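Chemist: okay, predicted coordinates and the sequence, questions at the end:
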Amino acid sequence: MAALSVLAIAVASGKAGYVFLSGGKLQDWGITVQAVRSGNELVGFVQGLINELRPDVVVTEDCTVSTCRKGDKAKALIRSLAKLASHNGVLDVDVPRPRTYQSKYEEAEALVTTYPEVAGHLPVRKRRIFDFEPRSMVLFEAIALAQEVINGPPKRVAAAMG
């Protein structure tokens, strides 16, 4: 399944991150703060990514599972991205957010070993309880979502195909 081109989008409070993998290689990535002000802005931003990158699959977080920790606004934004993918004839796969590490920071460090191109986005230090989460953490969330589809069971993509 590594031959698929995958656009994964993660939405967090006041930010969104995306990664584009083709043939298992990280081709493009980014973080936006301005596009998450409204659903229309985020949909427009992602529509531009779909037009430019032409992915086979768009991956978003499954917000229907009990383990989803997103707020109502983030969930609404994620649902709008799923609709956008289906309107573009792109396969939309929603996956539960993988939680295989003790913390997001350990996950980010592990992902950097696989994708060293994003090492510059790794937070310098772990967040203290009263600090805001670093903006770049949403990028690692998007990578984790993409890996769930690329490395996960093929039945997930097959189920999305109907």
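Modeler: Right, received. Where do you want to start?
Chemist: how about the secondary structure of residue 27?
Modeler: Following DSSP: H, G, I helix; E, B strand; the rest coil, residue 27 is assigned to strand.
Chemist: do I have it right that it meets residue 18?
Modeler: No - contact criterion CB atoms under 8 Å: residue 27 and residue 18 do not qualify, at 11.2 Å. Quick note: C-beta positions are derived from backbone N, CA and C, even for glycine.
Chemist: buried residues in the helix or strand hosting residue 51?
Modeler: Following DSSP states H and E, the helix or strand that holds residue 51 is helix 39-53. For helix 39-53, a neighbour-count test (16 or more other CB atoms under 10 Å) marks 39, 42, 43, 45, 46, 49, 50, 53 as buried.
Chemist: contacting residues for the last one?
Modeler: By CB atoms under 8 Å, 6 or more residues apart in numbering, residue 53 lies in contact with 5, 7, 20, 27, 28.
Chemist: can you name the element that comes right after the helix holding residue 51?
Modeler: Using DSSP H and E, the first helix or strand after helix 39-53 is strand 57-61.
Chemist: now the helix or strand just after that following strand and strand 57-61, what's the angle there?
Modeler: Sequence-wise, the next helix or strand downstream of strand 57-61 (DSSP H and E) is helix 72-87. Put simply, helix 72-87 runs at 160 degrees to strand 57-61, going by axes from the mean of the first three to the mean of the last three CA atoms, to 10 degrees.
Chemist: any chance of the buried residues of helix 39-53 in TSV, plus distance to residue 65 and pLDDT?
Modeler: Shown next, in TSV, are these (distance: CB to CB, whole Å; pLDDT from 0 to 100):
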residue	distance to residue 65	pLDDT
39	22	77
42	22	88
43	23	90
45	25	92
46	22	92
49	25	95
50	25	95
53	27	94
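Chemist: quick check, nearest of the residues you listed to residue 131?
Modeler: Closest to residue 131 out of those is residue 42 (25.4 Å), distances taken as CB to CB.
Chemist: make sure the closest one is actually in contact with residue 83.
Modeler: No - with contact taken as CB under 8 Å, residue 42 and residue 83 are classed as non-touching, separated by 11.7 Å.
Chemist: per-residue confidence for residue 109?
Modeler: On pLDDT, residue 109 comes in at 91.
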